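Undergrad: Output the structure for:
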Amino acid sequence: MPSMKVTAKAEETGLKILESALALFRQEGFDTATMRGIAEKAGVATGAAYYYYPSKDAIVMDFYQRSCAEMQPKIEIALEQATGLESRLRELIRVKLDHFTPNRGVLRALLRNGADPKHPLSPFSPQTKEIRDIDMDWFRRILVDCGMRVPRDLEPHLPGVLWFFQMGVIFFWVIDDSPNQARSSRLLELAAKSVASLIRASALPFMRPLRKTTVQLIEIVKGD
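TA: Predicted structure coming up:
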C-alpha cells in the first residue's frame, strides 16, 4: 500500500482490496481485470481503491513485497535443517513454491508481463531489483560451507546462475497441469541433484577450460 498512517481499519481495507484483486486476476486474468471491478469485489468505492493502490501494477508490486517479507522466516526455518548444497537449493525453492501455491493462478496470469524484462512487474525489471537482491542473497548464503569446493572463478557468478535456475523451475511449476504439480516436484528433486553434481564436478582440474568458457557465457548473458 502507499505510504500513509496505517490504522487497523486502513490495513483491513487495504488487504480486502489486495485479496479481491488477486481473486480477479486468477479468475479473469491480469489484463482483463479493472480497478472498478476490483473495487466492486472489495465492496469499496472506486476512488477508495485508487487511494490505496494507484494502479493494478501497484497491487501486484505490493503482493510481491508482502510475499518476499513473509517468506524470509520460512526460508530461515527450512534451511536450518538443510545440509549440503543440493538440500539447501531444493528447500529454498520449495519454500517459494509452497508459499505461492494459493496464488499460483495469479503468477500464471502475470506470465506475459513477467517475460518482458522492461515491464515493471517482471522479476527481471529494475522495479523489482530490491526483491531480486534479497532473493539473490539467499543463493549466496547456501553456497557458504555447502560441503563442496566451489571454484573461485565460478563462485561470484553462481548466485545469479542459481537464481535463474530457480526462475526456470518456478516457470515450469506455474504452467504444470499435472495433479498437484507432481511433475514439478520431481523436476525440482532431480534438477537440484544435477546442479549440485555439476558444481561439484566443475572443481575438477580438467574442467578448468570448460569453466572459463562457462564464465564467458555468463558474462555475455549478464552484459558484462
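
Undergrad: what's near enough to touch the residue nearest to residue 97 when sequence neighbours are not counted?
TA: Nearest non-adjacent residue to residue 97, counting by C-beta to C-beta, 6 or more residues apart in numbering: residue 173, 5.6 Å away. (Each C-beta comes from the backbone N, C-alpha and C, glycine too.) Neighbouring residues of residue 173 by C-beta atoms under 8 Å, 6 or more residues apart in numbering: 97, 104, 181, 184.

Undergrad: change it to 7 Å
TA: Residues near residue 173 by C-beta atoms under 7 Å, 6 or more residues apart in numbering: 97, 181, 184.

Undergrad: Please identify which helix or strand holds residue 165.
TA: helix 158-175 (DSSP states H and E).

Undergrad: any idea which helix or strand comes after that helix?
TA: Immediately after helix 158-175, counting by DSSP H and E, sits helix 182-202.

Undergrad: I'd like to know which elements that next one is packed against.
TA: If you count contacts as 3 or more C-beta pairs under 7 Å, 6 or more residues apart in numbering; DSSP states H and E, helix 182-202 packs onto helix 85-100, helix 158-175.

Undergrad: Please identify the most buried of these.
TA: Ranked by mean neighbour count, these are led by helix 85-100 with a mean of 20 (mean count of other C-beta atoms under 10 Å).

Undergrad: Give me the contact list for that one.
TA: Residues outside helix 85-100 that contact it (C-beta under 7 Å, 6+ apart) are 67, 70-71, 74-75, 78-79, 82, 107, 138, 142, 146-148, 162, 166, 169-170, 173, 188-189, 192-193, 195-196, 199.

Undergrad: re earlier: now the helix holding residue 165 - C-alpha only, PDB.
TA: Only the C-alpha atoms of helix 158-175 are listed here, as PDB (Å, rounded to 0.1, in the frame of the first residue of the first chain):
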ATOM      1  CA  LEU A 158      26.900 -18.800  -9.100                       C
ATOM      2  CA  PRO A 159      24.200 -16.900  -7.100                       C
ATOM      3  CA  GLY A 160      22.900 -15.400 -10.300                       C
ATOM      4  CA  VAL A 161      23.000 -18.700 -12.100                       C
ATOM      5  CA  LEU A 162      21.200 -20.400  -9.300                       C
ATOM      6  CA  TRP A 163      18.600 -17.600  -9.300                       C
ATOM      7  CA  PHE A 164      18.000 -18.100 -13.000                       C
ATOM      8  CA  PHE A 165      17.700 -21.900 -12.300                       C
ATOM      9  CA  GLN A 166      15.100 -21.100  -9.700                       C
ATOM     10  CA  MET A 167      13.100 -19.000 -12.200                       C
ATOM     11  CA  GLY A 168      13.100 -21.800 -14.700                       C
ATOM     12  CA  VAL A 169      11.700 -24.200 -12.000                       C
ATOM     13  CA  ILE A 170       9.000 -21.700 -11.000                       C
ATOM     14  CA  PHE A 171       8.000 -21.100 -14.600                       C
ATOM     15  CA  PHE A 172       7.600 -24.900 -15.100                       C
ATOM     16  CA  TRP A 173       5.600 -25.100 -11.900                       C
ATOM     17  CA  VAL A 174       3.300 -22.300 -13.000                       C
ATOM     18  CA  ILE A 175       2.400 -24.000 -16.300                       C
END
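
Undergrad: and which of the contacts of residue 173 is nearest residue 11?
TA: Minimum separation from residue 11 among those (C-beta to C-beta) is found for residue 97, which lies at 27.5 Å.

Undergrad: Report the distance from the lengthiest helix in the chain to the chain centre.
TA: Ranked by residue count and defined by DSSP state H, the top helix of the chain is helix 56-80. Centroid separation for helix 56-80 versus its chain: 9 Å, with C-alpha atoms, centre = their mean, to the nearest Å.
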